[in-house]
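Peer 1: Return a 3D structure for these sequence lines:
(one chain, ligands or ions: 1)
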Amino acid sequence: MAEMVCIVCPRGCRLTVDEASGAVTGNSCPRGEAYGRSEILDPRRVYTGTVRINGAALPRCPVKSSAPIKKPLIMDVSRQMDKVTLSSPVKRGDVAIKNVLGTGVDIIVTRDM
Ligand code: SF4
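Peer 2: Model (predicted):
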């Protein structure tokens with residue numbers, strides 16, 4: 001059994017997940033059940049970070065992944081972002097890296113700069 005706190009909403013239900021069957025208890029809604037099961041079977045996170053940008057008022061531009069990425073790949077994505085330098089101007093929603101590490105997920109700019 002794995003125990004965790006559901007982070008889908010501020011209520012923070014304490015979940016227990018049976019790793020063998022994927023059965024979830026302690027959730028107050030279906031979103032918690034989906035979260036608990038996914039944390040055991042295929043944990044993912046939205047990547048957030050910054051990348052260098054030339055020609056803007058600030059030296060770094062905030063970015064995030066367009067969808068959750070498999071948790072074990074997050075550090076690799078972070079290292080990939082160290083190699084990126086954008087050029088101003090960029091608009092919120094612009095793609096900084098398409099299909100990062102072959103995940104099918106894009107890294108997008110989250111601020112006009
Ligand atoms: S189980 Fe539902 S109510 Fe409880 S924290 Fe998760 S999303 Fe919120």
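Peer 1: and the most centrally placed residue in the chain, what does it touch?
Peer 2: In the chain, the centroid-proximal residue (Cα atoms, centre = their mean) is residue 46; its distance is 0.9 Å. Listed by Cβ atoms under 8 Å, 6 or more residues apart in numbering, the contact set of residue 46 reads 64, 65, 67, 68, 69. All C-beta atoms are positioned from the backbone trio N, CA, C, and that covers glycine.
Peer 1: again with residue 2
Peer 2: Applying Cβ under 8 Å, 6+ apart, the residues near residue 2 are 16, 17, 19, 39, 40.
Peer 1: Over to residue 27?
Peer 2: Contacts of residue 27 (Cβ under 8 Å, 6+ apart): 6, 13, 15, 33, 35, 36.
Peer 1: ok, which of those residues also contact the ligand?
Peer 2: 6, 13 (Cβ under 6 Å from any ligand atom).
Peer 1: Which of the contacts of residue 27 fall within helices?
Peer 2: 33, 35, 36 (DSSP state H).
Peer 1: With pLDDT and neighbour count added, can I get the residues you listed in CSV?
Peer 2: Below are those laid out as CSV (pLDDT from 0 to 100; neighbours: other Cβ atoms under 10 Å):
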residue, pLDDT, neighbour count
33, 96, 19
35, 93, 22
36, 94, 26
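Peer 1: What is the nearest of those to residue 54?
Peer 2: Nearest to residue 54 among the ones in helices among the contacts of residue 27, counting by Cβ to Cβ, is residue 35 at 39.3 Å.
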